[in-house]
Every structure is written in structure tokens, then in C-alpha cells.
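> Below are the sequence and a predicted model for it; my questions follow.
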Amino acid sequence: MVLGFSIALIIFSLLLMLLVLMHKGKGGGLSDMFGGGMQSSVGGSSVAERNLDRITLVIGVLWLACIVVLGILMKTNS
């Protein structure tokens, strides 16, 4: 059981890193340092960006749930 949640945590961690890196910079911070501030968006966020936000949120919640379950499992096994 612990092995399954550990593998799921690794997969969710990699997915979360990939999804966060796919987001557009919102201006300011490190994204401007690497040229992200040169682009200007005319409208609000697109449908793809909103879906990416939702997917990132779901993966983040699953990642957090895996950490909590692993903590409980480790505590009860000790």
C-alpha cells in the first residue's frame, strides 16, 4: 500500500512540475527576467489556460492527498 502511494506521489510530483512550467507568466518576477514580460495579452485568459489551471489544481489536490495518506500510513506502521 505504501509502495503504491509512493509511486503515485512521484507521478503526481512530475505532472505538477510539468503543469506549472506550462503556465504563462503573469508579469513581474522571474518570468520577466527570461523574456516573458515582452509578450502582452490583449484579452483575459484563454480557455486552454483556464483548463490548465483546473488540471493543475486537481493534480495539486491529489498530490497533497497522497502526502497525507502516506503520512498516516507511515505513522500507523511504526
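Received, thanks.
> From now on I want contacts and neighbour counts done on CA atoms only, so please keep to that.
Fine.
> my guess is residue 73 contacts residue 5, does it?
No: with contact defined as CA atoms under 8 Å, residue 73 does not reach residue 5; the gap is 9.6 Å.
> between the two, which one's more packed in?
residue 5 (17 against 14; other CA atoms under 10 Å).
> so which strand or helix has the more buried one?
helix 2-22 (DSSP states H and E).
> for residue 55, same thing?
helix 47-77.
> For the helix holding residue 5, what is the distance to the chain centroid?
9 Å (CA atoms, centre = their mean, to the nearest Å).
> and it, C-alpha only, in CSV?
Taking C-alpha atoms only, helix 2-22 is exported to CSV below (Å, rounded to 0.1, in the frame of the first residue of the first chain):
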residue,chain,number,x,y,z
VAL,A,2,2.8,2.4,0.9
LEU,A,3,4.6,1.5,-2.3
GLY,A,4,1.5,2.3,-4.4
PHE,A,5,1.1,5.7,-2.8
SER,A,6,4.8,6.4,-3.1
ILE,A,7,4.7,5.7,-6.9
ALA,A,8,1.5,7.8,-7.2
LEU,A,9,3.3,10.7,-5.3
ILE,A,10,6.2,10.5,-7.7
ILE,A,11,3.9,10.6,-10.8
PHE,A,12,1.8,13.4,-9.4
SER,A,13,5.0,15.4,-8.5
LEU,A,14,6.3,15.1,-12.0
LEU,A,15,2.9,16.0,-13.5
LEU,A,16,2.7,19.0,-11.2
MET,A,17,6.1,20.3,-12.2
LEU,A,18,5.2,19.9,-15.9
LEU,A,19,1.9,21.7,-15.5
VAL,A,20,3.3,24.6,-13.5
LEU,A,21,6.0,25.1,-16.1
MET,A,22,3.4,25.2,-18.9
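> residues in contact with that helix?
52, 56, 59, 60, 62, 63, 66, 67, 69, 70, 73, 74 (CA atoms under 8 Å, 6 or more residues apart in numbering).
> now the chain, which segments are flagged as low pLDDT?
26-45 (pLDDT under 70).
> Just give me the residue right at the centre of it.
For the chain, residue 16 is the residue whose C-alpha lies nearest the centre (CA atoms, centre = their mean; 3.1 Å).
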